[in-house]
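# generate coordinates for the sequence data below:
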Amino acid sequence: MWCEGLLRCGKSCRLRWINYLRADVKRGNITPQEEEIIVKLHAVLGNR
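Model prediction:
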């Protein structure tokens, strides 16, 4: 199934919704504190 007239299938539409269109997902620059949290979590969890 194609959507948006842009030759996107259902899966890519869902991924676009999850990654780009949700209002609760923060975008843009991160603070130094947020970067520190990310680095620490990556050290513990790796690339999951």
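
# can you pull out the helices in the chain?
Assigned by DSSP state H, the helices in the chain fall at 10-16, 32-45.

# hmm, who's touching the last one?
Outside of helix 32-45, the residues that reach it under the criterion CB atoms under 8 Å, 6 or more residues apart in numbering are Ile30. Placement of C-beta: from N, CA and C, glycine included.

# sorry, back to before: would you turn the helices of the chain into JSON lines with mean pLDDT and distance to Asp24?
Formatted as JSON lines, the helices of the chain follow (pLDDT from 0 to 100; distance: least, CB to CB, whole Å):
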{"stretch": "helix 10-16", "mean pLDDT": "76", "distance to Asp24": "16"}
{"stretch": "helix 32-45", "mean pLDDT": "92", "distance to Asp24": "15"}
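
# highest mean neighbour count out of those?
Per residue and on average, the most neighbours among the helices of the chain fall to helix 10-16, with a mean of 12 (mean count of other CB atoms under 10 Å).
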